[in-house]
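A.B. asks: quick one, fold the following:
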Amino acid sequence: MVIKVFLASSSGSTAIKKKQQDVVGFLEALKVEYAQLDIACSEENRMWMRQNVPQEKKPSNGIPLPPQIFNEEGYCGDYETFFDAKEDNAVFAFLGLPPPPGSKEADQAGIVQNGTHAEETNAENGNVDDSIEVPVEERNGNSHSDEEQAAGEEEEGEEELAEEDEVMEEDEDMAEEEEAVEETDEVTEETAPAEEEEEEEEQEEEAE
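C.D. replies: Now for the predicted structure:
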């Protein structure tokens, strides 16, 4: 597999020149074999690069700028994605190449392979480490007993709250009834003297 780096040797942009030098210098430091394809001197290279950069990776004007990096016919990315891979020690993955033994990227890949992935592989093959202690509840199929107990206690608490609410509502209703009775008694007490006075006046008039 050949890594292709599309460059512009006669670019008037200082930023583009710096990005191109950064990519080439880092590939040489990693001893990655690559080929430089100059789009400034070859219209064929320019057209091939523009046609093979994915549409979603092109800028708003539709014209991708160098440097653009490919692995044979497969698109790897531009300078920004290359820089991100460089910061993450994942340049070989970015290029679609296996990392060399002893590199940081290979060490990271080894940690992943010997860690999570290894545990998954052992589980698939039935090579589970018997030295790992499994709680008695899980071995007896009661791994969820604590959760069920907690759920039951929560339900009981909700029922108690509901009962308390009902009692409070009943007390409020009784209090309202008592207030209504007291008001009725007060009205009766107020109207009783008035009625007695009216009756006395009627009796006096009849006597006259």
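A.B. asks: got the residue ranges for the strands in this protein?
C.D. replies: Assigned by DSSP state E, the chain shows strands spanning 3-7, 34-38, 68-71, 74-78.
A.B. asks: I'd like those written out as JSON lines, with distance to Val91 added.
C.D. replies: C-betas here are computed from N, CA, C, even on glycine. As requested, those are exported to JSON lines (distance: least, C-beta to C-beta, whole Å):
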{"stretch": "strand 3-7", "distance to Val91": "10"}
{"stretch": "strand 34-38", "distance to Val91": "12"}
{"stretch": "strand 68-71", "distance to Val91": "10"}
{"stretch": "strand 74-78", "distance to Val91": "10"}
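A.B. asks: now render these as JSON lines, adding distance to Glu178 and mean neighbour count.
C.D. replies: Shown next, in JSON lines, are these (distance: least, C-beta to C-beta, whole Å; neighbours: other C-beta atoms under 10 Å):
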{"stretch": "strand 3-7", "distance to Glu178": "92", "mean neighbour count": "21"}
{"stretch": "strand 34-38", "distance to Glu178": "95", "mean neighbour count": "15"}
{"stretch": "strand 68-71", "distance to Glu178": "88", "mean neighbour count": "21"}
{"stretch": "strand 74-78", "distance to Glu178": "82", "mean neighbour count": "18"}
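A.B. asks: okay, now the closest residue in space to Asn89 that isn't next to it in sequence: neighbour count?
C.D. replies: Residue nearest to Asn89 in three dimensions, not counting chain neighbours: Lys104, with 4.6 Å by C-beta to C-beta, 6 or more residues apart in numbering. Neighbours of Lys104 under the rule other C-beta atoms under 10 Å: 11.
A.B. asks: could you report the pLDDT at Lys104?
C.D. replies: On the pLDDT scale, Lys104 is placed at 82.
A.B. asks: correct me if wrong: it contacts Val91.
C.D. replies: No - the pair Lys104 / Val91 is not scored as a contact, 9.9 Å apart, by C-beta atoms under 8 Å.
A.B. asks: in the chain, which spans are helices?
C.D. replies: With helices called from DSSP state H, the chain shows them at 14-29, 43-52, 79-87, 91-95, 104-114, 116-124, 136-139, 145-207.
A.B. asks: quick one, what contacts the closest residue to Tyr79 other than its chain neighbours?
C.D. replies: Leaving aside its chain neighbours, Tyr79 sits nearest to Lys19 (4.3 Å; criterion: C-beta to C-beta, 6+ apart). When contacts are counted by C-beta atoms under 8 Å, 6 or more residues apart in numbering, Lys19 touches Pro66, Pro67, Tyr79.
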